[in-house]
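**Student:** based on what follows, work out the 3D shape:
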Amino acid sequence: MGDIGGTATSPQITATHLSAPLPVSQGGTGSATQNFVDLTSVQTLTNKVITQRAVVLTVSSNTYTPNSSSADLVRISSPTANFTIVNDAGSPLDGQKLLMRILSGATPYTPTWSSGYKSSGVATLPTTLVASKTVTCGFVYDSTSVAWILMAVDATGY
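**Tutor:** Sure, this is the predicted structure:
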């Protein structure tokens, strides 16, 4: 094989350690003392905040379609007629959580829930809203039931 542009065909690396921290711009942490979170090992994180992925759903033909692949918090704001919350467009994982806030306008319209949402033994899917109040529903995904199970609801609203 020929040499292209004067570069070696089989470069060899002889260094066994870094003499200084590897900068972030070169794939390092930039620190000689700070640990980093990797993608494969089990690690405990302390004093960290996980920012929820929030989305405001817009109505389409009086239906709302949550997507758990892009949102952990779904807001439905001031529906203008009775409406349906259709099955999740995402690919939820077993045990994944979804928080849904429904802000009713001056007229409390009626939500209908598709089969991908189920009441639990402690919380019932709300079928009526309260005028000018926010109803909050907390779901956990159950892959055996292939459904979001309602674990908590503030049906009175705030």
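**Student:** rest of the way, CA atoms for contacts and neighbours
**Tutor:** Fine.
**Student:** burial count for residue 39?
**Tutor:** Neighbourhood size, residue 39 [other C-alpha atoms under 10 Å]: 7.
**Student:** please report phi then psi for it.
**Tutor:** Main-chain torsions, residue 39, degrees, to the nearest 10: phi -90, psi -10.
**Student:** give me every residue that touches it.
**Tutor:** Neighbouring residues of residue 39 by C-alpha atoms under 8 Å, 6 or more residues apart in numbering: there are none.
**Student:** for it, report the pLDDT, please.
**Tutor:** We have a pLDDT of 75 for residue 39.
**Student:** helix or strand with the lowest mean pLDDT in the protein?
**Tutor:** strand 54-57 (a mean of 88; mean pLDDT, DSSP states H and E).
**Student:** list the buried residues in that strand.
**Tutor:** Residues 55, 57 are the ones in strand 54-57 that count as buried (16 or more other C-alpha atoms under 10 Å).
**Student:** quick one, strands of this protein?
**Tutor:** Using DSSP state E, the strands of the chain run over 54-57, 63-64, 73-77, 83-85, 97-103, 111-113, 117-119, 134-142, 147-154.
**Student:** need those in TSV (columns: distance to residue 28).
**Tutor:** Listed next are those as TSV, based on distance: least, C-alpha to C-alpha, whole Å:
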stretch	distance to residue 28
strand 54-57	31
strand 63-64	43
strand 73-77	33
strand 83-85	45
strand 97-103	33
strand 111-113	48
strand 117-119	44
strand 134-142	37
strand 147-154	40
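**Student:** mean pLDDT lowest where, among the ones you listed?
**Tutor:** Looking at those, the bottom one is strand 54-57 with a mean of 88.
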